[in-house]
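Asks: For reference, the sequence and a predicted model appear below.
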Amino acid sequence: MTRISVGIVGCGAIGMEICMAIDRDKFADRALDLNMELKWLIDAHPERIDQLCELLRRKPALTRTDSSDLAAILDAVDLVIECASQDAVREYLLPALGAGKDVMIMSVGALICDPGLYEEIERLAKERGGKVYIPSGAIAGLDGLKSGAIGGIQSVHLTTRKPPRGFAGNEYVQAAGIKLDGLQEERTLFIGPARAALAHFPENVNVAASLSLAGIGPEATKVQIVADPGAKENQHEIEVRGEFGQLLVRVRNFPSKSNPRTSYLAALSAIATLKRISYPIKVGT
Ligand SMILES: NC(=O)c1ccc[n+]([C@@H]2O[C@H](COP(=O)([O-])OP(=O)(O)OC[C@H]3O[C@@H](n4cnc5c(N)ncnc54)[C@H](O)[C@@H]3O)[C@@H](O)[C@H]2O)c1
């Protein structure tokens with residue numbers, strides 16, 4: 001089997017887990033069988049690259065802090081993984097798709113928040129033959145939603161519940177005059193379409209975006225955001241109704257160790273997607 005050569009943009013919490021998984025070809029002593037090789041790492045902060053390289057047995061030959069010679073280093077890879085920021089999706093993945101490479105997107109909110117980006121990605125992938133992988137990230141249930149969408153979906157609701165501190169500094173909450181300090185009972189901060197939720201709650205952007213893309217889009221997908229003093233972790237509840245029946249999913253996420261704003265499940269979903277890419281038998285929709 002041919003080795004898949006990989007370039008990574010973003011050496012933070014998710015990038016670190018992905019790189020370690022590729023480097024060791026196992027996770028917590030379980031073999032992954034990815035058969036992948038890290039060719040280059042990019043991060044705007046060079047110290048992040050250095051910290052990550054310290055952990056790797058086989059250090060990538062190339063590292064960069066910006067996209068200035070991206071066209072040259074794209075030659076070396078088959079797959080470019082973005083685990084950096086919404087801006088990085090446009091900056092790095094459009095050139096990668098233009099060069100016919102496969103890409104993986106973690107900052108999926110960019111596909112809704114950056115006007116025209118989704119259409120450009122779709123056009124380049126169709127014209128040049130690259131594949132675009134979007135892991136499920138911090139939620140579950142996208143498999144059932146995608147299946148249900150074939151038969152017809154009537155509604156998709158996402159309820160996100162977080163401890164009040166998870167909304168500290170949120171401008172929409174401040175403008176609404178909602179006091180989060182000393183909250184004794186749960187308080188709904190927002191109910192409305194996913195597109196508006198994405199604009200007002202950027203810390204919640206990826207989950208609402210993946211759900212919208214897998215199902216009925218950012219206008220029809222409804223989102224409720226709740227500050228809950230009783231919640232210890234971030235929780236996402238998804239309810240889908242369609243011709244198939246009803247789907248109910250609740251995910252209670254533990255945070256990643258190196259970035260408390262990122263759910264550990266998001267990093268695991270990226271590694272599971274790599275497994276899906278490399279392994280010939282693909283279970284699940
Ligand atoms: N799909 C999901 O459900 C999901 C879940 C969690 C996080 N995410 C997203 O994945 C991304 C990575 O998350 P993380 O927790 O690893 O973040 P992080 O902050 O720990 O690391 C991101 C790294 O990328 C680098 N970076 C950012 N923009 C860059 C650019 N334009 N060029 C070069 N380097 C850049 C930063 O310097 C940083 O080191 C974020 O955008 C986050 O919102 C998605």
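Replies: Good, I have the coordinates.

Asks: Near the closest residue to the ligand within the stretch 51-200 of the chain, how many residues? Count them for me, please.
Replies: The stretch 51-200 of the chain approaches the ligand most closely through G137 (2.1 Å), counting by CB to the nearest ligand atom. All C-beta spots, glycine's among them, are computed from the backbone N, C-alpha and C. By other CB atoms under 10 Å, 28 other residues sit near G137.

Asks: ok, it touching A266?
Replies: Yes: between G137 and A266 there is a contact under CB atoms under 8 Å: 4.6 Å.

Asks: and for these two, which residues touch both?
Replies: M106, N206 (CB atoms under 8 Å, 6 or more residues apart in numbering).

Asks: what does the stretch 151-285 of the chain have sitting close to the ligand?
Replies: Applying CB under 6 Å from any ligand atom, we find that the stretch 151-285 of the chain lies next to the ligand at N206, V207, S210, N259, T262, S263, A266.

Asks: what about the fifth one, distance to S67?
Replies: Going from T262 to S67 by CB to CB, to the nearest Å gives 23 Å.

Asks: quick one: which of these two has more around it?
Replies: The residue with more neighbours, out of T262 and S67, is T262; 23 against 15, by other CB under 10 Å.

Asks: wait, isn't that one in contact with L268?
Replies: No: counting by CB under 8 Å, T262 stays clear of L268, with 11.2 Å between them.

Asks: Run a quick neighbour tally on the closest residue to E122 other than its chain neighbours.
Replies: Nearest residue to E122, sequence neighbours excluded (CB to CB, 6 or more residues apart in numbering): V132, at 8.0 Å. For V132, the number of neighbouring residues by other CB under 10 Å comes to 16.

Asks: what's V132 in contact with, if anything?
Replies: The neighbours of V132, taking CB under 8 Å, 6+ apart as the test, are L97, D102, V103, M104, I105, I121, E122, A125.

Asks: related to what we said a few turns ago, are any of the residues of the stretch 151-285 of the chain next to the ligand buried, and if so which?
Replies: Those of those that meet the buried threshold are N206, V207, S210, T262, S263, A266, by 16 or more other CB atoms under 10 Å.

Asks: can you give me the helices in this structure?
Replies: 13-24, 46-55, 70-74, 86-88, 94-98, 110-113, 117-128, 142-151, 171-175, 194-200, 205-214, 217-220, 264-278 (DSSP state H).

Asks: Just send these back as JSON lines, with mean pLDDT too.
Replies: As requested, the helices of the chain are exported to JSON lines (pLDDT from 0 to 100):
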{"stretch": "helix 13-24", "mean pLDDT": "97"}
{"stretch": "helix 46-55", "mean pLDDT": "97"}
{"stretch": "helix 70-74", "mean pLDDT": "96"}
{"stretch": "helix 86-88", "mean pLDDT": "96"}
{"stretch": "helix 94-98", "mean pLDDT": "98"}
{"stretch": "helix 110-113", "mean pLDDT": "96"}
{"stretch": "helix 117-128", "mean pLDDT": "98"}
{"stretch": "helix 142-151", "mean pLDDT": "98"}
{"stretch": "helix 171-175", "mean pLDDT": "94"}
{"stretch": "helix 194-200", "mean pLDDT": "94"}
{"stretch": "helix 205-214", "mean pLDDT": "95"}
{"stretch": "helix 217-220", "mean pLDDT": "97"}
{"stretch": "helix 264-278", "mean pLDDT": "97"}
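
Asks: tell me the most buried of those helices?
Replies: Stretch with highest mean neighbour count among the helices of the chain: helix 205-214 (a mean of 25; mean count of other CB atoms under 10 Å).

Asks: how far away is the nearest residue to L124 once chain neighbours are set aside from L248?
Replies: Nearest residue to L124 in three dimensions, chain neighbours excluded: L97, at 3.8 Å (CB to CB, 6+ apart). Applying CB to CB, the value for L97 to L248 is 36 Å.
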